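Colleague: here is my input; please provide its structure:
(chains A, B and C)
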Amino acid sequence: MTREIICTNCPIGCPLTVEFEDGKILSITGNTCKNGITFGTNEVLCPKRTITTIVKMENRSGMLPVKSASELPKERIFEFMAIINKVTAKAPVRCGDVIISDIGGTGIDIVATKTVE
Amino acid sequence: MYDVAIIGAGVIGSLIARELTKYSLSVVVIEKEADAALGATGANSGIVHAGFDAKPGSLKARFNVAGNKMMEEVCRQLGVSFKNNGSLVIGFDDEDKKVIEELYERGTKNGVERLEVIDSKRLHELEPNVSEKATVALYAPTGGIVCPYGLAIAALGNAMDNGADFRRCFEVKSLEFKDGFYEISDGSENICAKFVVNAAGVFSDAIARLVGDDSFKITPRKGEYMLCDKESGGIVSHTIFRTPSKMGKGILVSPTVDGNLLLGPTATDIDDKEDTSTTPEGLAVIANECLADVPGVPTRTVITSFAGLRSVDNKGDFIIDSPAKNFVNCAGIESPGLTSAPAIAVYVAELLEGLGLELKKNEAFNPYRTSMHEFRDMTMEEKNEKIKKEPAYGKIVCRCETISEGEIIRAIRENPGAVTVDGVKRRTRATMGRCGGGFCTPTIVEILARELGIKYEEVTKFGGESVYNFGKVK
Amino acid sequence: MEHKQLIIIGGGPAGMSAAVSACNEGIRDILIIEREEALGGILKQCIHNGFGLHKFGEQLTGPEYAERYSDNVKELGIPYITETMVVDVSDDRVVTAVNKEKGYFQIKADAIILAMGCRERSRGALNIPGARPAGIYTAGTAQKFVNIMGYMPGKRVVILGSGDIGLIMARRMTLEGAKVEAVCELMPYSGGLTRNIVQCLEDFGIPLLLSHTITEIHGKDRVEGVTICEVDEKRVPKKETARHIECDTILLSCGLIPENELSKSAGITLDRVTSGAVVDGDRQTSVPGIFACGNVLHVHDLVDFVSDEAEIAGKGAADFIKGIKEEKETVEIIPEGGVRYTVPQKVAKGEGASLYFRVADVYKNVTVALYDGENLIAKKKRPKVAPGEMERFEIKPEYLENAEKLTLKLIFG
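Modeller: Presented below is the predicted three-dimensional model:
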C-alpha cells in the first residue's frame, strides 16, 4: 500500500510517498532531509501529535498554557483533553513544571509553557 | 405616576424629554432596547440639512429650517460634535440643473439663508475632488454635520441629570387610558403617566394603534452606508449630495464630525422593521454612485458598513398630532428629522400644553453637559492633571481611537450609562477605529463586567442574546 | 526632555530581539515600551507549538519562545516599561507615550526601532454583507478570549479565510469542545502553512473549502448562520452554489495589516504592497535613525524570521547610535513578474543582504532570478512557491557593484 502525506516536521512541508505493508515501511520518497523518514514512518504506523492547551488556575484569573512534553498518540487526543480539563494549576509555576505526570499511562507529562510568578 | 411618558429613546424622544425637564414635570423615557439611539438615530447620515428639500408649507420645511438654526446651540450646550461644513447638491446635466433651480426656489421660500446656485468653476474651487463632469451645484452654507447618536444620548443624559427617568428593555405592549392617566404595560409591568408621547420611530404606527389611531402606516426604508478610515476623511469638506430623485436625496459623500468619510445611503422600502442587514447589491450601488460623484473616493479604506431604517409614513410629511386624549404622535420622522428634532421638541411641549399639561418653569434646569470627548480635546497638561487624579485615564484601551479606560468607565457611569459594548462604542468611539475592535473588545467586556457587577459571559454587544461568550472554557 | 539612546516601541518578539541585539552591540541606554501588561506580544496567546525550529532547533510554544527572549532581556538588565502606549513619534525622534503613573510624557531618542506588530483585517474592512449580530470575531480576538481569558466565544463555528491564526483556532476550538463546520477560503489555495492544514484541519476532519466565501451573515442578536458560495476565477460568488450553514460564530482569518499609524506620524515612507516602511538592509526607514522590524515592517509567517530581522535592526540602530552607520549609496530592488515585494527594498553598496520576498500566486518549478536590466545576475530554482510562505534570496555585495537598480522576478517553466 502507498500513502501520500505531507511532512509537517518543519514548514517546508515535503510531499512524501510512503510504501508500506503489514506494519512495515518499504520505502519513503519525496523527503528533503532525514527527518522526513522518521516523520513518514511514524505518521503511517502510529501518528503522534503534541497537545497544546490551557488549564485553569486556582489563584489567578487567567489560564495557564500547557503542552505535552513530547508527542502523544493522535487517536487518544480527546481522552487526554478530558484528563487535562479536570486539572487546575497553582501559581507560582515555572515554565516546564509538570502539571500532570504520565498522562493516560503514556509516560509523557503535561508541562507548563509559561512562568507565572 | 409620571406627568409624561415618552415612548422611544431616539433623537426625537430624547430631545423631547430634555425639553420637558425645562419644566417642573416628572418624565420617563421608555425604550424597548438596552440603550438609547438604537433605531434610525443610530444609523443615518448625520446631516444637519439646510432646508431646501421639503415642500414649502410642510411640517418638514418648517421644522427643518427652525431646527437647523437651533442645532449649533443645542450641540454646544450638550457637548455634542457639530460642524457647520456646508452642503452641495451637484448636477451633471440640464435636467439636474432644472431640479437644482427648483430646490433653490423652494429653499428660499422655506427661509433658508445664503443659498446659491453655483457653476462648475466655483464648485471645483470649493471641492476640487468632485467629478469634473459636474457642471452645476446648489450651495447651502448653512448645512452641517452632527453626531446623531451622540446628540440623542447627550440629550437623554441631560434630561436624566435634570430628573427624567430612563426605562430600558421595556417594550410597550398595551396602552390603557383610565381615571385620567395611561397605564403603559410591557405585559408584566406597568408604568403610569398622565400624558404619552409616541416617538417610537418605525414602530410608531403600532404604538398609535394601541390608542385606536390607525390613520397612518410606517414603511421602513432601508439605507445602507459605508464608512471609510479617517485617512480618507479629507477628500471632501462639504456634504456632497447628488441631485435628488423620487426615492430620496440620493447617495451622499460626506465627512463626519469624527473625521471619517461617510458614503450612502441607498433607499429600499422593506417590510421587516428590524432588518438592518447590508446587501451586496446595496454596497455595490454606494461604491459606484460615490465614485461617479467623487472619483477619488477610496472605497478600499472602508472600515465598516451598516444599514438604518428610515420611518417613512404614507402621508408625505411628519405626523405630529394628538389622535387620542393626552396622547401625542411624533411619527414619520424621516429625513430631515434629525435636523428638525430640536424644533419638534419645542413644538411637542407646546402641543402638550395645549392638551392641558401645565408647563411651569424648572428653575433648577441645567442645560449643560460635559462633552463625552472632553478628555480627547484637552491639552497635554490638562490630560496629565486628570490622569493624576484618575489614573484610569492613562490606560489606553482602544488603540486606534486612543480611548482610555477612564473614558470607558465614565461612559458606563454617566447618564444614560452604557450597559453594552456598542453602548460604550457610541459614547466613546472605542472599537470604532480601523481594527474594528479586534484588540480592545475583550478588555471592554472585562471593564463592563466589573463596573456593572455582572459575569464576563453576561456582557452583550447590544443587549438581548447578543453575548460574546458562552461561559468558561473549563 | 528625558533622553534615551535607543527606544524600542513594542515588547513582542521583534522588540525583544532587537533590544537584545542592540545590547550585545554595546548599547545600554535602551527603553522598551510595551502597551500590554507583560512582554511577549502576540506570542502570549499563541499557545500552540511550532515556534523556534530555526532559531533554537526545537519546537517551542509561543509563550515559551517569548519567555526565552524576555528572560534574556531581564538577564541583560534592559529597561522596559509596560502598560504604556506610544501615541506619537516625530521625525526628529521624539516619542510621546502615556501610562497611568506618568501620564503623557516625551522622550527624545538617538535612535528608534518600530516593532508594533500588525492587526487583523476586520469584518468591516472585508465588507461582508448581512446582519450585524454578536459572534463575529477575528481569529486573534477569539484566541485571546480562549487562551488568555479562558472563555468560549462560540460552539458552532465557521471560519472565513485560511490564514494561520484561523487554522490554529479551528484546532483550539475543536479541542475545547466546539464544532468547526468549515473553513472557507476565497482563493484556490490556502493562505496558511501546510503543516497547519494537516494538523489543524485534516486531523479533525474539518473541511477546507477553497474558492468559497461567505456572502451573507444571518442572525439578529447572535450569529445564526451564514450563506456561503463558491467563487469563480474572478472571485465572484456563483449564486447557484449558495448554501446555508448553521453556526453561532464566525471567525475571520483574512490577512494581517502592519500597524503603521506611528510610522505615518513620523512621516516615514511606506511600501504600498507591504503596508510597512520602505527600508534598507539595516532596516532603517526613510527617516534616519528610525528602524523597523517584525510584523510592523511586513507580515511574517514564522517568528524565527522576525527575530532574525529584529537582530539586524538592533545592530543597525546600534551602529547609527555609535555613528558608524555610513551613508552609503543604495541599490533599489524592484519586484516584478510574480514577486510581490521584497524586504529590504533597497540594499547599500558594499553590503550583502538576505532578501525576504513573497510571490503573487502558487507556482511550481520556477526560477527566482535577479536582473540588472537585461543581464541575469543570479538565480535559484524553487520546486514550489506560494503566497503564504515567505521566500528568501541572498544578495551578495558583488551583485551591487555596478548596478543602479536590480529586478527580482520569477521565470516560469
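
Colleague: give me the neighbour count for residue A:19.
Modeller: 15 (other C-beta atoms under 10 Å in any protein chain shown). Where C-beta positions appear, they are placed from N, C-alpha and C, glycine not excepted.

Colleague: packing partners for the one helix or strand it maps to?
Modeller: Following DSSP states H and E, one finds residue A:19 within strand A:15-21. Using 3 or more C-beta pairs under 8 Å, 6 or more residues apart in numbering or on different chains; DSSP states H and E, the elements in contact with strand A:15-21 are strand A:2-6, strand A:24-29, helix A:35-45.

Colleague: and residue 42, what is it in contact with?
Modeller: In the absence of a named chain, this looks at chain A. residue A:48 (C-beta atoms under 8 Å, 6 or more residues apart in numbering or on different chains).

Colleague: right idea, wrong chain: chain B
Modeller: Per C-beta under 8 Å, 6+ apart, neighbours of residue B:42: B:148, B:149, B:308, B:426.

Colleague: and the host helix or strand of the second one, average pLDDT?
Modeller: So that's residue B:149. In this assignment (DSSP H and E), residue B:149 forms part of helix B:148-161. Helix B:148-161 shows a mean pLDDT of 98.

Colleague: helices along the stretch 151-300 of chain B, start to end?
Modeller: Applying DSSP state H, counting those that start in this stretch to the stretch 151-300 of chain B gives helices spanning B:204-210, B:280-293.

Colleague: before we move on, the earlier item: buried deepest among the helices and strands packed on strand A:15-21, which one?
Modeller: Mean neighbour count (mean count of other C-beta atoms under 10 Å in any protein chain shown) peaks for helix A:35-45 among the helices and strands packed on strand A:15-21, with a mean of 18.

Colleague: among the helices of the stretch 151-300 of chain B, which is nearest chain C?
Modeller: Ranking the helices of the stretch 151-300 of chain B by proximity to chain C (C-beta to the nearest C-beta) places helix B:280-293 first, at 4.8 Å.

Colleague: can I get that closest one in CSV? Just the C-alpha atoms.
Modeller: Extracted as CSV, the C-alpha positions of helix B:280-293 are listed here (Å, rounded to 0.1, in the frame of the first residue of the first chain):
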residue,chain,number,x,y,z
PRO,B,280,-24.1,43.1,-1.7
GLU,B,281,-26.3,45.0,-4.2
GLY,B,282,-26.6,48.0,-1.8
LEU,B,283,-22.9,48.2,-1.1
ALA,B,284,-22.1,48.0,-4.8
VAL,B,285,-24.6,50.8,-5.6
ILE,B,286,-23.0,53.0,-3.0
ALA,B,287,-19.5,52.4,-4.3
ASN,B,288,-20.5,53.1,-7.9
GLU,B,289,-22.5,56.2,-7.3
CYS,B,290,-19.9,57.7,-4.9
LEU,B,291,-17.2,57.1,-7.5
ALA,B,292,-19.3,58.9,-10.1
ASP,B,293,-19.7,62.0,-7.8
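
Colleague: please enumerate residues in contact with it?
Modeller: Residues outside helix B:280-293 that contact it (C-beta under 8 Å, 6+ apart): B:90, B:130-131, B:134, B:222, B:224-226, B:240, B:242, B:250-251, B:253, B:263-266, B:268, B:297, B:299, B:305, B:307, C:127, C:129, C:215-216.

Colleague: right, and the helix or strand after that helix?
Modeller: Next along the chain after helix B:280-293, taking DSSP H and E as the criterion, comes strand B:302-313.

Colleague: that next one near chain C at all?
Modeller: Yes - counting by C-beta under 8 Å from any C-beta of the partner chain, contacts between strand B:302-313 and chain C involve B:302, B:303, B:304, B:305, B:306.

Colleague: where neighbours are concerned, which of the residues you listed has the most?
Modeller: Counting neighbours by other C-beta under 10 Å, residue B:305 leads the residues of strand B:302-313 next to chain C with 25 neighbours.

Colleague: wait, that one sits on residue B:262?
Modeller: No - look at residue B:305 against residue B:262 with C-beta atoms under 8 Å: they stay out of range, at 10.8 Å.

Colleague: what is in contact with these two at once?
Modeller: Any residue near both residue B:305 and residue B:262 by C-beta under 8 Å, 6+ apart counts here, and that gives B:225, B:226, B:227.

Colleague: quick one: buried ones out of those?
Modeller: Neighbour-count burial within those applies to B:225, B:226, B:227; the criterion is 16 or more other C-beta atoms under 10 Å in any protein chain shown.

Colleague: would CSV of these with pLDDT be doable?
Modeller: Formatted as CSV, these follow (pLDDT from 0 to 100):
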residue, pLDDT
B:225, 96
B:226, 95
B:227, 95
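
Colleague: out of those, who's nearest chain A?
Modeller: Set against chain A, the nearest of those by C-beta to the nearest C-beta is residue B:227 (34.6 Å).

Colleague: which parts of the stretch 51-200 of chain C sit against chain A?
Modeller: Close to chain A, as judged by C-beta under 8 Å from any C-beta, the stretch 51-200 of chain C has residues C:53, C:59, C:61-64, C:67, C:146-150, C:172, C:175-176, C:193-195, C:198-199.

Colleague: and the residue nearest the centre of chain A?
Modeller: Nearest residue to the geometric centre of chain A (C-alpha atoms, centre = their mean): residue A:50, 1.5 Å.

Colleague: per-residue pLDDT, it?
Modeller: Looking at residue A:50, its pLDDT is 95.
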